[in-house]
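Colleague: After the sequence you'll find the predicted model.
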Amino acid sequence: MISIIQAHGAHVILTGMLSLPKNGPNYIVGFNNIYPDQARARHVPLYPFFLQGVYGHPSLMMSDKEHPNAAGVVRMVTGIAPLVERCLNSMRFA
């Protein structure tokens, strides 16, 4: 997916996720390494955990306790915004 997007001239920021604790240690280790490994292999910036500052905060999560509500999305955007700004500032526009 990253290669296809880049082939069309777009810049990529990979936003990572972490496995839920309920998935068990073997799954967690494998899953949690996917995003950093891909970011390194594809030479793209990584925001390691897209739900940073949201997950585990009931006031920012939907009733399923796995997905952010509107306030959680605002927190997510606030968290990733500095990385997006740095990437935009480093781009060279033709």
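Modeller: The structure has been received and is ready for your questions. Predicted, not measured: the structure shown is a model, and the values here were computed from it.

Colleague: how about low-confidence regions in the chain?
Modeller: For the chain, the stretches flagged by pLDDT under 70 are 93-94.

Colleague: Repeat the analysis, applying 80 as the threshold.
Modeller: For the chain, residues meeting the criterion pLDDT under 80 lie at 92-94.

Colleague: tell me the strands in the chain, going along the chain?
Modeller: Using DSSP state E, the strands of the chain run over residues 14-15, 46-47.

Colleague: and V84, how many neighbours does it have?
Modeller: V84 has 13 neighbours, counted by other C-beta atoms under 10 Å. Placement of C-beta: from N, CA and C, glycine included.

Colleague: Using TSV, please lay out the strands of the chain together with mean neighbour count and distance to E85.
Modeller: Listed next are the strands of the chain as TSV, based on neighbours: other C-beta atoms under 10 Å; distance: least, C-beta to C-beta, whole Å:
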stretch	mean neighbour count	distance to E85
strand 14-15	18	15
strand 46-47	18	12
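
Colleague: could those be laid out in CSV, adding distance to Y27?
Modeller: Conversion of the strands of the chain to CSV gives the following (distance: least, C-beta to C-beta, whole Å):
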stretch, distance to Y27
strand 14-15, 20
strand 46-47, 20
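
Colleague: Name the nearest residue to the residue most central in space within the chain, ignoring sequence neighbours.
Modeller: Centroid-nearest residue in the chain, with C-alpha atoms, centre = their mean: T15, separated by 2.0 Å. Of all residues not flanking T15 in the chain, F50 sits nearest, at 4.3 Å (C-beta to C-beta, 6 or more residues apart in numbering).
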